[in-house]
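A.B. asks: Curious how this folds, go ahead:
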Amino acid sequence: MFETLTDKLSSAFARITSRGVLSEADIDSAMREIRVALLEADVSLPVVKEFIAKVKEQALGEKVVKSIKPGQMVVKIVHDELISLLGDENTGLNLNAAAPVVILMVGLQGSGKTTTTAKIAGRLKKHKRVLLASLDVYRPAAQEQLAQLGAQAGVDVLPVVKGEKPVEITKRALQTAKTGVYDILILDTAGRLHIDETLMQEAADVKKLANPAETLLVADALIGQDACNVAKEFNEKIGITGLVLTRIDGSSRAGAALSMKMVSGVPIKFLGTGEKLDEIEEFHADRIAGRILGQGDVVSLVEKAMENVDREETEKMAAKMMKGRFDLEDMLSQLRQIQKLGSMGSIMGMIPGLSKFKDQIEQAGIGDNLIKKQEAMILSMTRAERKNPEIIKASRKKRIAAGAGVEVHEVNKLLKSYEQMSTMMKRMGKMGGISGFSQMMKRNPAGGMFGGFGKRF
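C.D. replies: Residues are numbered from 1 along each chain as shown. The predicted structure follows:
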């Protein structure tokens, strides 16, 4: 997400932060680079012009000129303006209306609207009783798709009645939600390949009948410069209360996020970060601004860890560490816990200062592919081999390599990494657990999960 923009902005900032004094020419040069970076990231031209004008006005101010580190002050100004552009406040869903609270999902066909409907329902079902209803009677199997996604998310879906029109489905959904004592009803409307009067009128009719507390426009982050037109049309003709950007993970440009909020005047509520039903996150302007500027997002990483990491499994692992015991079953568990947090690239992007090393780590073979290979190798072992790695000799290594589709030398690397981790765990047990571990890491910070690969950097 925003990789291209982050790289180009980092390059622009590197030139100004390395100077003790900034001239107007230096600032003009930096603004040109930032302007090009934003345009290449598909941010709309009017938004870029306004953004650059605000940043430049402050960057040429007396506060920057007289500051001890003027380059850093310019970075801070850009950071603050990015937050302002994306939305100063974190605005969650409005669920304060009388039950059933209605959420209306609108957008173009192919934007991921149906999947996003199920994702939001999955988040809400933890504390609310949710009912889904598909109003898409045009796209083949659209209603069946929502039924399947609802089942995966563990959420009830309104049964399909053949031949019903969207407004009729809406009436039945409202009645079912009331009699079934549901807290929330989410209506998934039909989309089109492009904006047309039929689409808008149908959505407007449904909205008038349902009186939703939230009308969310779902838009593909890859839509590019047309994002502003889509947001403007839906807002003017239907009236939207929030935005959901999908396929953020698949776009290194994703300038739509910087344009749509400003043009529509409504907040971004969620970001779709992948295809799985749990790959959606609440939008926080300050965190996204930090990611764009390569400053990381530790808060989101911690939240993701709290949601995805098995606490009971972690406690068992901690107990083993205290006793200095660690086998390949434990290593497999650790690899799976890491995968639950997302790709190595996304994890590193959330850690301040590490995003710039992502390419180097991939080139060194330390990334998602390595984790998958290590998992495959461990799964190719017998239970006895996982519990007692010392019995793995030449013939066993060949069998494991063949089973995992790798070379024998890669099995050797895995076992070497395991030995280093096992040694670390034993030291932790002898040195008093976590406190001893922290002291050891201060002396040898390059050690860790990937068996010393960090020394390459």
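
A.B. asks: rest of the way, CA atoms for contacts and neighbours
C.D. replies: OK.

A.B. asks: Tell me where the chain has strands.
C.D. replies: 101-106, 130-134, 156-157, 184-188, 214-220, 242-246, 268-272, 280-282 (DSSP state E).

A.B. asks: Where is the longest helix in the chain?
C.D. replies: Looking across the chain with DSSP state H, the single longest helix is helix 408-430.

A.B. asks: pLDDT (mean, whole number) over that helix?
C.D. replies: The predicted model assigns helix 408-430 a mean pLDDT of 81.

A.B. asks: swap in stretch 287-298?
C.D. replies: 66.

A.B. asks: what's Gln109 in contact with, if anything?
C.D. replies: Applying Cα atoms under 8 Å, 6 or more residues apart in numbering to Gln109 gives the contacts 190-194.

A.B. asks: Tell me if I'm right that Leu132 and Ala153 touch.
C.D. replies: No: when contacts are counted by Cα atoms under 8 Å, Leu132 is not listed as touching Ala153 (10.9 Å).

A.B. asks: residues in contact with the residue positioned nearest the centre of the chain?
C.D. replies: The residue lying closest to the centre of the chain (Cα atoms, centre = their mean) is Thr273, at 4.0 Å. Contact analysis of Thr273 by Cα under 8 Å, 6+ apart lists 246-249, 279-281.

A.B. asks: sorry, back to before: using TSV, lay out the strands of the chain together with mean pLDDT and mean neighbour count.
C.D. replies: What follows is those, written out as TSV (pLDDT from 0 to 100; neighbours: other Cα atoms under 10 Å):
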stretch	mean pLDDT	mean neighbour count
strand 101-106	96	25
strand 130-134	97	26
strand 156-157	97	20
strand 184-188	97	27
strand 214-220	93	25
strand 242-246	91	26
strand 268-272	90	24
strand 280-282	88	19
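
A.B. asks: what pairs with Val157 across the strands?
C.D. replies: Taking DSSP bridges as the rule, Val157 bridges to Leu132.

A.B. asks: Is it correct that it is in contact with Arg129?
C.D. replies: No: using Cα under 8 Å, Val157 is not in contact with Arg129, being 11.5 Å away.

A.B. asks: related to what we said a few turns ago, which of the contacts of Thr273 lies closest to Gln337?
C.D. replies: Glu279 (15.5 Å; Cα to Cα).

A.B. asks: Next, count neighbours for that closest one.
C.D. replies: Neighbours of Glu279 under the rule other Cα atoms under 10 Å: 14.

A.B. asks: start at 39 instead
C.D. replies: Sure, I'll start numbering at 39, so the last one becomes Glu317.

A.B. asks: Might one say that it is in contact with Phe308?
C.D. replies: No: under the criterion of Cα under 8 Å, Glu317 is not in contact with Phe308, lying 10.5 Å apart.

A.B. asks: In contact with Ile115, which residues?
C.D. replies: Contact analysis of Ile115 by Cα under 8 Å, 6+ apart lists 93, 96-97.

A.B. asks: which of the residues you listed lies closest to Leu124?
C.D. replies: Comparing the contacts of Ile115 against Leu124 with Cα to Cα places Val93 closest, at 14.6 Å.

A.B. asks: So that closest one is in contact with Val116, correct?
C.D. replies: Yes: Val93 lies in contact with Val116 (Cα under 8 Å); the separation is 6.2 Å.

A.B. asks: where in this structure is pLDDT low?
C.D. replies: 39-41, 100-106, 126-128, 262-263, 287-292, 294-295, 332-363, 379-406, 463-464, 466-495 (pLDDT under 70).

A.B. asks: Could you chop this protein up by domain?
C.D. replies: The chain breaks down into these structural domains: 41-124, 139-326, 340-494 (assignment by automatic domain parsing).

A.B. asks: Could you count how many residues lie near Glu88?
C.D. replies: Around Glu88 there are 11 other residues, counting by other Cα under 10 Å.

A.B. asks: ditto for Asp45
C.D. replies: Asp45: 16 neighbours (other Cα under 10 Å).

A.B. asks: Ok, Ile276 next?
C.D. replies: The tally of other residues near Ile276 (other Cα under 10 Å) stands at 18.

A.B. asks: same check, this time on Ser302
C.D. replies: Look at Ser302: counted by other Cα under 10 Å, it has 22 neighbours.

A.B. asks: so who does it touch?
C.D. replies: Contact partners of Ser302, counting by Cα under 8 Å, 6+ apart, are 266, 269-270, 273.

A.B. asks: at 6 Å what do you get?
C.D. replies: 269-270 (Cα atoms under 6 Å, 6 or more residues apart in numbering).

A.B. asks: That one and His117, how far apart?
C.D. replies: 21 Å (Cα to Cα, to the nearest Å).

A.B. asks: and what of Val81?
C.D. replies: For Val81, the distance to His117 - Cα to Cα - is 16 Å.

A.B. asks: Same drill for these two, tell me which one is more crowded.
C.D. replies: Val81 (26 against 20).

A.B. asks: I'd say that one and Gly293 touch.
C.D. replies: Yes: contact criterion Cα atoms under 6 Å: Val81 and Gly293 qualify, at 4.4 Å.

A.B. asks: shared neighbours of these two, anything?
C.D. replies: By Cα under 6 Å, 6+ apart, no residue touches both Val81 and Gly293.

A.B. asks: can you list contacts of stretch 136-145?
C.D. replies: For stretch 136-145, contacts defined as Cα under 6 Å, 6+ apart pick out 220-227, 229, 250-256.

A.B. asks: hang on, the earlier thing: if any of the contacts of Gln147 are buried, put those into a PyMOL selection.
C.D. replies: Burial among the contacts of Gln147 is assessed by 16 or more other Cα atoms under 10 Å; the matching PyMOL selection reads:
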select buried, resi 228+229+230
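
A.B. asks: Identify, from the contacts of Gln147, the entry nearest to Gly58.
C.D. replies: His232 (51.5 Å).

A.B. asks: how near is that closest one to Ala179?
C.D. replies: Distance of His232 to Ala179, given as Cα to Cα: 20 Å.

A.B. asks: what do you get for Asn450?
C.D. replies: In terms of Cα to Cα, Asn450 sits 49 Å off from Ala179.

A.B. asks: With Arg329 instead?
C.D. replies: When distance is defined by Cα to Cα, Arg329 is 38 Å away from Ala179.

A.B. asks: More neighbours: which of these two?
C.D. replies: Taking other Cα under 10 Å, Arg329 and Ala179 do not tie; Arg329 has more neighbours (22 against 11).

A.B. asks: got a list of what the more buried one touches?
C.D. replies: Applying Cα under 6 Å, 6+ apart to Arg329 gives no contacts.
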